[in-house]
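Chemist: heads up, no residue letters with this:
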């Protein structure tokens, strides 16, 4: 179960040259600044554009120029959500949803209409015309329309970019439910760090048409040799479970493989899966556990690697806490004074942990 | 109105209807190609399509007459097919009208396709619709106002045709004598009464057509 994509396209000023191997399940993010080739790559996967290469999705070859194979878009079992909802303006919401569904034979329909309506909360919008829907509603219909073709791969091109912050917050939970409840691999394009941190299991970081890093999100973010910054700073994202809530202090205890954090209570019930993000600048290191300190989260850690950071005064330190990675940023002087070498055991003091849904 | 005049009215409507239907079939693929091609032929083809806009009808009629005449390639081809010669027949007029009104069909449809952009057809492709399927289920409904404009313009423009018809079809009652030619005959014969009737009818018809186009345009932008 995997997605193999190799493309090379030379358009003079822009060269796309990628060789990707993505898991055939879960959510993969194509992450990078504008102009890095994210949308170009997604359109190539959909067959909307053509560049020489090879593309295989969970055993089905969609393109192989060496053997002159190119499956046209309408014969690829994919769903595509464009940046703007792009609903057909001459059809009602219901007829928009049915457009793709009716073109898939009944034996191939694996996605249930009622389930999708419920998943995206759009049951009450069916008789409306697209121009009477809000931006967020339109985008949810567009996502449902793509899902109802029972795709083997869901492609999403910055599905939230055209929306304001409130609409984004409205749709993000639906996307999380999609990821968690449907067995459809998702490949989505984003330049927004919070979306990637929240939704992605796997990440491909693109820069000027090349994949500078790819792998599981948690691993890629923890690399210190080539830090992929999600936003302004290096840091890691961890999968965790809410283990306990302390109502008197409005705190929640989340457990991750190898440790636990106290975080601000985000309202998640005990037992729910959440993601937490720890930025390198919020992690400091000490030889002894902090006892009389304001810092609540102090974890035993082992140094894995020390690397240069963006400024010659700074160092990035990759740590192992149980089975999970952490990244800390220190001055090189602190690193030297602590005598940091790989294998050294010490305490990681975490000043801030963000719960990201 | 004399029976000959009535015949001319009937012939005019028949000519305009047949021309409009044929032009929709011809103009739609031309408009689609012009809207999407990146070929270097786009400019030359667009220019040829629009030639009838600027050429005097007599020039158009003259060349069509030569082409369809006994020594012209089209004429030899129709003779070869056993269809005889086209000039001075109703079907000769149809060919002339199709050429003469081509830009009036292509341009509105082309504008509608360009306004639609590539996105709706791409969306339909990702929803499993083949090209023919999405052309009829998405492109035509979305470009429908353009088609409607093309239909009205083509029909009206054919009704108002005079020069090409006179060059190509002459003045045979029941075969090539359309309203515009009938008016010419009446005026030549100083027969102003029937001329008024037909000419007034044309004015009223043209006014209604332009009014309809205006209303169509307003609904589209609403």
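Modeler: On my side now, so go ahead. Just so it is clear, the structure is predicted and the values come from calculations on it, not from any experiment.
Chemist: mind checking the SS state of residue 8?
Modeler: No chain in the question, so chain A it is. Judged by DSSP: H, G, I helix; E, B strand; the rest coil, the three-state class of residue A:8 is strand.
Chemist: wait, I meant chain B there
Modeler: The assignment at residue B:8 comes out as helix when based on three-state DSSP.
Chemist: ok, it touching residue B:178?
Modeler: Yes: Residue B:8 is in contact with residue B:178 according to Cβ atoms under 8 Å; the separation is 5.8 Å. For every residue, glycine as well, the C-beta is placed using N, CA and C.
Chemist: So for residue A:229, what pLDDT did the model give?
Modeler: Looking at residue A:229, its pLDDT is 63.
Chemist: What of the one 5 residues further on?
Modeler: At residue A:234, the model reports a pLDDT of 78.
Chemist: Verify the stated contact: it with residue A:329.
Modeler: Yes: using Cβ under 8 Å, residue A:234 makes contact with residue A:329 at a distance of 7.0 Å.
Chemist: Going along the chain from the helix or strand where residue A:169 lies, find the next helix or strand for me.
Modeler: Under the criterion DSSP states H and E, the helix or strand holding residue A:169 is helix A:165-181. Beyond helix A:165-181 on the C-terminal side, the first helix or strand identified by DSSP H and E is strand A:186-190.
Chemist: Contacts for that next one next, please.
Modeler: With contact meaning Cβ atoms under 8 Å, 6 or more residues apart in numbering or on different chains, strand A:186-190 is reached by A:3, A:22, A:26-31, A:38-39, A:41-42, A:45, A:153-161, A:178-179, A:196, A:199-200.
Chemist: Report the beta-bridge partners for the closest residue to chain B within the stretch 201-350 of chain A.
Modeler: At 21.0 Å from chain B, residue A:204 is the closest residue in the stretch 201-350 of chain A, using Cβ to the nearest Cβ. Residue A:204 forms beta bridges with residue A:30, residue A:214, as assigned by DSSP bridges.
Chemist: quick one: it and residue A:211 touch, right?
Modeler: Yes: look at residue A:204 against residue A:211 with Cβ under 8 Å: they come within range, at 5.3 Å.
Chemist: give the contact list for residue B:206.
Modeler: Neighbouring residues of residue B:206 by Cβ under 8 Å, 6+ apart: B:156, B:160.
Chemist: Run a quick neighbour tally on the residue of chain B found nearest chain A.
Modeler: Nearest to chain A in chain B, going by Cβ to the nearest Cβ, is residue B:127, at a distance of 3.3 Å. Residue B:127 has 29 neighbouring residues, counting by other Cβ atoms under 10 Å in any protein chain shown.
Chemist: what's the answer for residue A:246, then?
Modeler: 11.
Chemist: what sits against it?
Modeler: Listed by Cβ under 8 Å, 6+ apart, the contact partners of residue A:246 are A:252-253, A:262, A:265.
Chemist: how about TSV for those, with distance to residue B:149 added?
Modeler: Converted to TSV, those look like this (distance: Cβ to Cβ, whole Å):
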residue	distance to residue B:149
A:252	63
A:253	68
A:262	68
A:265	62
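Chemist: Could you list which of those residues belong to helices?
Modeler: Counting by DSSP state H, the contacts of residue A:246 place none of their members in helices.
Chemist: Which among these count as buried?
Modeler: The neighbour count (16 or more other Cβ atoms under 10 Å in any protein chain shown) marks A:252-253, A:262, A:265 as buried among the contacts of residue A:246.
Chemist: So which of those residues are in strands?
Modeler: A:252-253, A:262 (DSSP state E).
Chemist: what residues are up against the closest residue to residue A:331 other than its chain neighbours?
Modeler: Counting by Cβ to Cβ, 6 or more residues apart in numbering or on different chains, residue A:331 lies nearest to residue A:313, which is 5.5 Å off, once chain neighbours are set aside. Listed by Cβ under 8 Å, 6+ apart, the contact set of residue A:313 reads A:331-333.
Chemist: Run through chain B and note the low-pLDDT ranges.
Modeler: Low-confidence segments of chain B (pLDDT under 70): B:219-222.
Chemist: So which bits of it are right by chain A?
Modeler: For chain B, the residues in contact with chain A (Cβ under 8 Å from any Cβ of the partner chain) are B:119-120, B:122-131, B:133-134, B:137-138, B:141-142.
Chemist: and the residue of chain A nearest chain B?
Modeler: residue A:100 (3.3 Å).
Chemist: quick one on the thing from earlier: overlap in contacts of residue A:234 and residue A:329?
Modeler: Common contact partners of residue A:234 and residue A:329 (Cβ under 8 Å, 6+ apart): A:280, A:309, A:316.
Chemist: what about residue 114, how many neighbours?
Modeler: Using chain A here. 8.
Chemist: looking at chain B here, not the other one
Modeler: A total of 14 residues lie near residue B:114 under the criterion other Cβ under 10 Å.
Chemist: Find the nearest non-adjacent residue to it, please.
Modeler: That would be residue B:35: by Cβ to Cβ, 6+ apart, it lies 5.1 Å from residue B:114.
Chemist: still on that earlier bit, and residue B:8 and residue B:178? which has more neighbours close in?
Modeler: residue B:178 (29 against 24).
Chemist: Near the residue of chain A closest to chain B, how many residues? Count them for me, please.
Modeler: Neighbour count of residue A:100, defined by other Cβ under 10 Å: 24.
Chemist: Quick check: it is in a strand.
Modeler: No: looking at residue A:100 with three-state DSSP, it is helix, so not inside a strand.
Chemist: Settle this for me: it is touching residue A:146, isn't it.
Modeler: Yes: contact criterion Cβ under 8 Å: residue A:100 and residue A:146 qualify, at 7.1 Å.
Chemist: Find the residues that touch each one of these two.
Modeler: Residues touching both residue A:100 and residue A:146 by Cβ under 8 Å, 6+ apart: A:79, B:126-127.
Chemist: what's the helix or strand for the residue positioned nearest the centre of chain B?
Modeler: Centroid-nearest residue in chain B: residue B:101, 3.4 Å away (criterion: Cα atoms, centre = their mean). For residue B:101, the host element (DSSP H and E) is helix B:90-116.
Chemist: In contact with residue 218, which residues?
Modeler: Just going to use chain A. Residue A:218 neighbours (Cβ under 8 Å, 6+ apart): A:236-239, A:324-325.
Chemist: Chain B, not that one
Modeler: Contacts of residue B:218 by Cβ under 8 Å, 6+ apart: none found.
Chemist: Return the set of buried residues in the host helix or strand of it.
Modeler: Residue B:218 is part of helix B:192-221 when elements are defined by DSSP H and E. In terms of neighbour count (16+ other Cβ under 10 Å), helix B:192-221 has its buried residues at B:194-195, B:198-199, B:202, B:205, B:209, B:213.
Chemist: repeat for stretch B:62-81
Modeler: Buried, per 16+ other Cβ under 10 Å, within stretch B:62-81: B:62, B:64-65, B:67-68, B:72, B:75, B:78.
Chemist: do the same with stretch A:100-109
Modeler: A:100-104.
Chemist: mind listing the helices for chain B?
Modeler: Using DSSP H, helices in chain B cover B:3-36, B:42-54, B:57-68, B:73-80, B:90-116, B:119-126, B:131-134, B:140-142, B:144-159, B:163-169, B:179-188, B:192-221.
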